[in-house]
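# test case, fold it:
(chains A, B, C, D, E and F)
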Protein chains: 6
Amino acid sequence: MNSLIISISTYSRHKQKESEYAMKKIALFPGSFDPFTKGHEDIVLRGLKIFDEIIIAIGYNSQKKRYFEIDEMVEKIKSCFSSYNNIKVDKYTELTATYANKHRAEYLLRGLRNTTDFEYENTIAMINKDLYDGLETVFLITSPKFAFISSTIIREVHSYGGDIRKYIPYTL
Amino acid sequence: MNSLIISISTYSRHKQKESEYAMKKIALFPGSFDPFTKGHEDIVLRGLKIFDEIIIAIGYNSQKKRYFEIDEMVEKIKSCFSSYNNIKVDKYTELTATYANKHRAEYLLRGLRNTTDFEYENTIAMINKDLYDGLETVFLITSPKFAFISSTIIREVHSYGGDIRKYIPYTL
Amino acid sequence: MNSLIISISTYSRHKQKESEYAMKKIALFPGSFDPFTKGHEDIVLRGLKIFDEIIIAIGYNSQKKRYFEIDEMVEKIKSCFSSYNNIKVDKYTELTATYANKHRAEYLLRGLRNTTDFEYENTIAMINKDLYDGLETVFLITSPKFAFISSTIIREVHSYGGDIRKYIPYTL
Amino acid sequence: MNSLIISISTYSRHKQKESEYAMKKIALFPGSFDPFTKGHEDIVLRGLKIFDEIIIAIGYNSQKKRYFEIDEMVEKIKSCFSSYNNIKVDKYTELTATYANKHRAEYLLRGLRNTTDFEYENTIAMINKDLYDGLETVFLITSPKFAFISSTIIREVHSYGGDIRKYIPYTL
Amino acid sequence: MNSLIISISTYSRHKQKESEYAMKKIALFPGSFDPFTKGHEDIVLRGLKIFDEIIIAIGYNSQKKRYFEIDEMVEKIKSCFSSYNNIKVDKYTELTATYANKHRAEYLLRGLRNTTDFEYENTIAMINKDLYDGLETVFLITSPKFAFISSTIIREVHSYGGDIRKYIPYTL
Amino acid sequence: MNSLIISISTYSRHKQKESEYAMKKIALFPGSFDPFTKGHEDIVLRGLKIFDEIIIAIGYNSQKKRYFEIDEMVEKIKSCFSSYNNIKVDKYTELTATYANKHRAEYLLRGLRNTTDFEYENTIAMINKDLYDGLETVFLITSPKFAFISSTIIREVHSYGGDIRKYIPYTL
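Residues are numbered from 1 along each chain as shown, chains lettered A, B, ... in the order given. Below is the predicted model of the structure:
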């Protein structure tokens, strides 16, 4: 086999990977996840039926203090989905649209719990599409049994020593 | 009379008190009440038609600064209801469900002013029932004439020197 | 025993009954219940913790056609609560406030599922209080697992031959 | 070639088709579409980025009168998407979940315009998942420029002789 | 004086009237008003502070049956505002935008009672602006004491013989 | 001409100015405008069709940090409307009702984007009317293409280096 053939072969593997990317439906599930809840897990698992790959990414602002450490949370989320090779967990500190663009995610996956969520998400979805043309936000409605679980409430329950184990899909 | 009789008598008084408790419908009206408003008063007085006793309790977090001093507010609320022996006023710094449980309150009393309140209260009611099985949140819709009064707005009006007397049921 | 004594005795039994009424907390749970659902059952059973007696009453309009026969529905609802002697089932064709007044019910019991319900119920509650001074509407939020069940949807599912057994607390 | 081989060949073509079906993501876009609007078209075209095939199906009830003839509407919708071989147009008169199941559609595609839509769709999505386990409703938020277009309003404008051409993606 | 002068004079009076029209702010307050309520009256009277003239116009559809006779309702509304020469009462059976255009009304006046109203009115306002470029819908929020009064509820109360006098600004 | 006449003349000019004020419809468009957006501009320009003069006033609290400097923002807003002599731009640090009263503004102009806005604005409008009797809040619904633009989101986009030029009607 000569080098020409080798390089051609490399080239076609490269092409193949590109076209795979083009076909693979990658969704970004962005959030502050402080903490990640069973409601979030519900959305991710249902999202897997729609997308080929989901990137769970914790957006953070180095100047805002979190309740749960970001790196610990990344590890906890990874532990929930260790058996899925099409779920990735990451953190980012830039615009969600910019991060999605860099990672070839053409979809944002979001859960809706109620009308307050809807009004907020509506606004965010429009601005994201505006910032990165073609970025489509896809919504699932959170399952009723998880609809009352919010990160805010879990933080409050936890801060007063309440038991939050049934609201999170990992152990703290 | 010998001691046995005395102790039996004490025992039966004790039993009687327990059964009274069991029958008495005690509702907790929790809030930050910063400040307590005529809207809150409306809910408490209407709640008295439903419950045998109402505990108005100010939840606080020692690390969050209030606009109105908590102990002053407890006194002000007490002064509003001094003629009612079935209304108690207290403060607490634990989970609402924990406080309710300790004080044998099996009901939370809450007012609803609008859909934003509804979505928020819905979430809180579910988590409270989850934390303390059997804790039932009972809602009344705030009377229209008080529906626009919120503690947040009163603080803002007060901070700019506006007259808040008609929004609160006591004098400052 | 002479007649005077008899009449006194009758009088005091009458008085006693009146004062019982005065103390007994009777709530009316009005609706068209076409059909009565597990969501309705949830509200009634939770309402029993608050009220001494609940009257479930089907409001009807002789000129509007129902999907489920009213008398059959009354029987079905009765069958659900046959073990409760403090739950009554009835039908009426007058203003809800008028019916409540006649039956000494000083409370209306209603379930709230979402913000659309809230806006509608808010309006109805105000008019009912206006029509019968002192008629207080007490709201419980429907349990999440029943929140998506509406009579309208059940009728539609049933009309296309779908299985509605898990949405209703009786057999058809 | 003997019959055995033929039957094996037939079998594997059958298997191939099955596995194709298994992998192909088919979404049902159900509605009464009386008429189909540019808002509906917006959802379908954006849905194509998510799903491999979309079935637009007009649910009808033979006893309810439509404003626009159902067969004419099927033709009009077909004319909009004639260049797409992965968009099908149909009509049905059974439960949406039943129809989806028959056509191997594991997703319902729906647009959300506002909070009233959200509350309604939330209820429908839950019942559909309940009726056909695994049927997932996927929501897109209608683009702002189409959010005010509803079939109801178009019918009203049309009935008074108003010009509806800019609200529909075909000519009448 | 010769005819020329007369005609010039007529012409300038005509011009003057035109320019008056151009400057006069005329708002249309459209509705089905079945019946017109104190809530409607509240919006009209407050609208007078904003506009120079208000046309209250009952939109009707000859094929839909009303509860209150349209001509009687026109008379009743006229009787409420007989002392105002800048309030006109009319009926129409065409698109609201068409009627507004014909009567040089560049504003629609509408009341908002709650979020359900908001979602509905939002949609209508956009379509009206679309149908008649420049038609601006101006909203006032209904006063709390009238917010629970709807024509639908008044019809229902009336149909069961309830007293609706306090909800309407005229006698029936 | 003697001084008497002069003073009479001055007096009548004064009277004339007063009556002009009385007739001139001045609306206050209050907000924090951090920053002022194209959505705000949309409301101001449409408001000009209703009112004779609009005062855009930035309410501020010396203790709350802004993202965009208040004096710079006043200048930027002025630059947008430099060709309109009936639009004024100002800042204030008192109750909105007090500021409106001082500047003879009998109207507050506000935009509504969605139901969350509605619930908030409803409350504010009622309190403002309560604080300054006769202060009427007039609402326009934000044009769909601007409805997703909020100052909060623009700040966030800007803080991450995103391009906000298309959301603001001036250059930064």
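
# distance check, the closest residue to chain E within chain A against residue C:133.
Chain E sits closest to residue A:115 of chain A, with a gap of 8.1 Å, by Cβ to the nearest Cβ. Any C-beta I mention is one placed from the backbone N, CA and C, and that applies to glycine too. Distance of residue A:115 to residue C:133, computed by Cβ to Cβ, to the nearest Å: 33 Å.

# what helix or strand is residue A:79 located in?
For residue A:79, the element it lies in under DSSP states H and E is helix A:70-80.

# flag every buried residue along the next helix or strand after that helix.
Sequence order places strand A:87-92 as the next helix or strand after helix A:70-80, per DSSP H and E. Buried residues in strand A:87-92, counted by 16 or more other Cβ atoms under 10 Å in any protein chain shown: A:87-89, A:92.

# return the member of those residues nearest to chain C.
residue A:87 (26.5 Å).

# quick one, what contacts the residue nearest to the closest one when sequence neighbours are not counted?
Among residues not flanking residue A:87 along the chain, residue A:81 sits closest, at 4.2 Å (Cβ to Cβ, 6 or more residues apart in numbering or on different chains). Contacts for residue A:81 (Cβ atoms under 8 Å, 6 or more residues apart in numbering or on different chains) come out as A:44, A:56, A:87, A:89.

# got these as JSON lines, with pLDDT and distance to residue D:77 columns?
Converted to JSON lines, these look like this (pLDDT from 0 to 100; distance: Cβ to Cβ, whole Å):
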{"residue": "A:44", "pLDDT": "98", "distance to residue D:77": "34"}
{"residue": "A:56", "pLDDT": "98", "distance to residue D:77": "38"}
{"residue": "A:87", "pLDDT": "98", "distance to residue D:77": "37"}
{"residue": "A:89", "pLDDT": "98", "distance to residue D:77": "42"}
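
# between these, which is nearest chain D?
Among the contacts of residue A:81, and counting by Cβ to the nearest Cβ, the member closest to chain D is residue A:44, at 13.2 Å.

# would you mind measuring from the nearest residue to residue A:84 once chain neighbours are set aside to residue A:39?
Spatial nearest neighbour of residue A:84, excluding adjacent residues (Cβ to Cβ, 6+ apart): residue A:48 at 7.2 Å. Distance of residue A:48 to residue A:39, computed by Cβ to Cβ: 16 Å.

# I'd assumed residue F:160 was in contact with residue A:98.
Yes: counting by Cβ atoms under 8 Å, residue A:98 sits close enough to residue F:160 to count as a contact (7.4 Å).

# count the residues that sit near residue A:137.
Neighbours of residue A:137 under the rule other Cβ atoms under 10 Å in any protein chain shown: 21.

# my guess is it is in a helix, correct?
No: applying DSSP: H, G, I helix; E, B strand; the rest coil, one finds residue A:137 to be strand, outside a helix.

# gap between it and residue E:128?
Distance from residue A:137 to residue E:128, by Cβ to Cβ: 30 Å.

# same check, this time on residue A:86
49 Å.

# thinking again about what came up before, just the pLDDT for the residue nearest to residue A:87.
We have a pLDDT of 98 for residue A:81.

# what does residue A:38 give?
Taking residue A:38 on its own, its pLDDT is 98.

# how about the residues of chain A near chain C?
A:114-115, A:144-145, A:147-148 (Cβ under 8 Å from any Cβ of the partner chain).

# which one of those residues is nearest to residue D:69?
For these, the minimum distance to residue D:69 (Cβ to Cβ) is 35.6 Å, reached by residue A:115.

# report how many residues lie close to residue A:93.
Around residue A:93 there are 13 residues (other Cβ under 10 Å).

# chain neighbours aside, what residue packs nearest to it?
Leaving aside its chain neighbours, residue A:93 sits nearest to residue A:60 (5.5 Å; criterion: Cβ to Cβ, 6+ apart).

# need the contacts of residue A:81 in JSON lines (columns: distance to residue A:170).
Listed next are the contacts of residue A:81 as JSON lines, based on distance: Cβ to Cβ, whole Å:
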{"residue": "A:44", "distance to residue A:170": "13"}
{"residue": "A:56", "distance to residue A:170": "13"}
{"residue": "A:87", "distance to residue A:170": "14"}
{"residue": "A:89", "distance to residue A:170": "12"}
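
# quick one: which of those residues is nearest residue E:171?
Of the contacts of residue A:81, the one sitting nearest to residue E:171 (Cβ to Cβ) turns out to be residue A:44, at 63.3 Å.

# tell me if the helix or strand containing residue A:100 is near chain D.
When elements are defined using DSSP H and E, residue A:100 is found to belong to helix A:96-102. No: Helix A:96-102 does not reach chain D (Cβ under 8 Å from any Cβ); its nearest approach is 13.9 Å.

# give me the contacts around the next helix or strand after that helix.
Counting by DSSP H and E, the next helix or strand C-terminal to helix A:96-102 is strand A:107-112. Contact partners of strand A:107-112, identified using Cβ under 8 Å, 6+ apart, comprise A:25-30, A:39-40, A:42-44, A:47, A:50-51, A:54, A:96, A:100, A:117-118, A:121, A:125, A:128, A:135-142, D:49-50, D:118, D:122, D:139.

# now, of the residues of chain A next to chain C, which are buried?
If you count burial by 16+ other Cβ under 10 Å, the buried members of those come out as A:114-115, A:144, A:147-148.

# same for chain B: which of the residues you listed are within range?
A:114-115, A:147-148.

# now the residues you listed as a markdown table including pLDDT, secondary structure and distance to residue E:171?
Shown next, in a markdown table, are these (pLDDT from 0 to 100; DSSP: H, G, I helix; E, B strand; the rest coil; distance: Cβ to Cβ, whole Å):
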| residue | pLDDT | secondary structure | distance to residue E:171 |
| --- | --- | --- | --- |
| A:114 | 95 | coil | 44 |
| A:115 | 96 | helix | 41 |
| A:147 | 93 | coil | 49 |
| A:148 | 93 | coil | 50 |
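
# now the two most distant members of these.
The widest separation within these, taken as Cβ to Cβ, falls between A:115 and A:148 and amounts to 14.2 Å.

# ok, residue A:28 touching residue A:102?
No: using Cβ under 8 Å, residue A:28 is not in contact with residue A:102; the gap is 10.1 Å.

# who has more neighbours, those two?
residue A:28 (30 against 10).

# what about that one, which SS state?
Look at residue A:28: counting by three-state DSSP, its state is strand.

# next to chain B, which bits of chain A? Give me the list.
Where chain A comes near chain B, counting by Cβ under 8 Å from any Cβ, the residues are A:114-116, A:147-150, A:153, A:157, A:160-163, A:166.

# quick check, the residue in chain A closest to chain F?
Closest contact between chain A and chain F, by Cβ to the nearest Cβ, is at residue A:126 (3.5 Å).

# and that residue, which of the three is it?
Strictly by three-state DSSP, residue A:126 counts as helix.

# pLDDT wise, what is the residue in chain A that chain C sits nearest to at?
For chain A, the residue closest to chain C is residue A:144, as judged by Cβ to the nearest Cβ, at 4.0 Å. Residue A:144 carries a pLDDT value of 94.

# quick one, phi psi at the residue nearest to it when sequence neighbours are not counted?
Nearest residue to residue A:144 in three dimensions, chain neighbours excluded: residue C:144, at 4.0 Å (Cβ to Cβ, 6+ apart). Per-residue torsions, residue C:144: phi -50, psi -40 (degrees, to the nearest 10).

# cool, and residue A:159?
With angles defined as degrees, to the nearest 10, residue A:159 sits at phi -70, psi -20.

# not counting sequence-adjacent ones, nearest residue to it?
Nearest non-adjacent residue to residue A:159, counting by Cβ to Cβ, 6+ apart: residue A:67, 7.6 Å away.

# quick one on the thing from earlier: mind checking pLDDT for the residue of chain A closest to chain F?
We have a pLDDT of 95 for residue A:126.

# for the helix holding residue A:100, which positions count as buried?
A:96-97, A:99-101.

# can you list the weak-confidence ranges in chain A?
Applying pLDDT under 70 to chain A flags residues A:1-22.

# flag every residue of it that's near chain F.
Residues of chain A lying near chain F by Cβ under 8 Å from any Cβ: A:94-95, A:97-98, A:115-116, A:119-120, A:122-124, A:126-127, A:130-131.

# alright, I will stop here.
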